[in-house]
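Visitor: Sharing a model that was predicted from the sequence below.
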There are 2 protein chains.
Amino acid sequence: MNFKESHNLILDNVSRFIDLTELERRKYISLLTEIKVKKKDFLLQAGKTVKFEFFITKGCLKVYTLNEEGAPHISMFAVEDYWTGDLSSFMTKEPSRYFIKAIESSELLGISRTNYDVLFQEIPKFERFYRILYQKSLISYIRRSNHGISLTAEERYIEFKKKYPQTVNRITQKDLAAYLGITPEFMSKTISRVNRK
Amino acid sequence: MNFKESHNLILDNVSRFIDLTELERRKYISLLTEIKVKKKDFLLQAGKTVKFEFFITKGCLKVYTLNEEGAPHISMFAVEDYWTGDLSSFMTKEPSRYFIKAIESSELLGISRTNYDVLFQEIPKFERFYRILYQKSLISYIRRSNHGISLTAEERYIEFKKKYPQTVNRITQKDLAAYLGITPEFMSKTISRVNRK
């Protein structure tokens, strides 16, 4: 993906919530950093402070923590046109508890902590952009934590397929199990059962 | 609590993130609704659409869902100087899955969906206020869901006591158990064990 394409992708994303002038667009792009990560490489490792908030322009990554037994709990699959990172580590500058690993070779645009602060000074309408972005994230977090309580693994798998039809074919069954919080064996049974219906 | 005191409390809360002029303060207060709810009464019941985002000026409430067996899962205890509600139902106007019940007789200030939209038009710097408020909520949600995975019930109880020293004495052990996701019996044992140390 060339610069122009990746810039257009992030500007389209931003323009869903706010209108930027040509000058503001150029200013915004100037505050971003191009980042590439090869398949199976880490964009972030637990114990390090995350330096950027990321927007994915190409590829697929998984965001996860490890529990005390070393088992992964995947909190998000990030694909094109998605934002990811570790907001807590980004804001507090404390070490992250997350790993972000590329499932496919990926390209991203990152905004550093310094430029994130500059952004609000230079283009205050980004307050609105992030207000809406965080509001939507908050709603989907709360929904997901409710679903974890009220839906069965099968229902959560069906919902995931419906909500992320492009993503489901790009990830392994093992990763999907670590996202839904079930064993790989039960994941395999669940998939067969759903596809038989 | 008289109007002046409750208005000062919410203005102090807002002034942590943004500075308002006297005119803006008056405009903001004019967009709020005074709400009172008696001990054990409901501010919100599942199946209804929430009409306001709430700021508590006096009292203590619990925010919870019921699982299929009718057991409560408490997601928040809301006391003075806290914001609460159901952001998803508030934004989408869909029925809520939450109950909000007064543990003590409580007083609140509410902003309606219409006035929430008016607020951003009339005082755009509230975009910044809500950007920071949602950012902080998002961080604490993510942390709490991580803690649910990585901390023991005892560690979560100690953290709750440390973080909310004012709240812990205002709620029953049963409600605390429904918040930490453990049985009342195990809650009672956990409390004795911690207090013995």
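Guide: Thanks, I have it. Numbers count the residues shown, from 1 in each chain, chains lettered A, B, ... in the order given.

Visitor: A:Tyr141: helix or strand, and which one exactly?
Guide: Secondary structure assigned from DSSP states H and E places A:Tyr141 in helix A:126-150.

Visitor: Show me which residues of that helix are buried.
Guide: By neighbour count, with 16 or more other Cβ atoms under 10 Å in any protein chain shown as the criterion, the buried positions of helix A:126-150 are A:126-135, A:137-139, A:141-142, A:145-146. Using the backbone N, CA and C atoms, a C-beta is placed for each residue, glycine as well.

Visitor: for chain A, what spans make up the strands?
Guide: All strands of chain A, identified by DSSP state E, fall at A:32-37, A:42-44, A:52-58, A:60-66, A:72-79, A:83-84, A:99-102, A:106-112.

Visitor: Each with direction, which strands does the third one pair with?
Guide: This means strand A:52-58. For strand A:52-58, the pairing partners within the sheet under DSSP bridges are strand A:83-84 (antiparallel), strand A:106-112 (antiparallel).

Visitor: Would you format those as TSV with mean neighbour count and distance to B:Leu180 included?
Guide: Written out in TSV, the entries for those read as follows (neighbours: other Cβ atoms under 10 Å in any protein chain shown; distance: least, Cβ to Cβ, whole Å):
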stretch	mean neighbour count	distance to B:Leu180
strand A:83-84	22	29
strand A:106-112	22	36
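
Visitor: about what we covered before: pipe the strands of chain A into JSON lines and attach mean pLDDT per row.
Guide: Formatted as JSON lines, the entries for those read as follows, by pLDDT from 0 to 100:
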{"stretch": "strand A:32-37", "mean pLDDT": "97"}
{"stretch": "strand A:42-44", "mean pLDDT": "98"}
{"stretch": "strand A:52-58", "mean pLDDT": "97"}
{"stretch": "strand A:60-66", "mean pLDDT": "95"}
{"stretch": "strand A:72-79", "mean pLDDT": "92"}
{"stretch": "strand A:83-84", "mean pLDDT": "96"}
{"stretch": "strand A:99-102", "mean pLDDT": "97"}
{"stretch": "strand A:106-112", "mean pLDDT": "98"}
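
Visitor: for the ones you listed, which one sits closest to B:Lys4?
Guide: strand A:52-58 (40.9 Å; Cβ to Cβ).

Visitor: what residue ranges in chain A score low on pLDDT?
Guide: Along chain A, the model assigns pLDDT under 70 to residues A:147-150.
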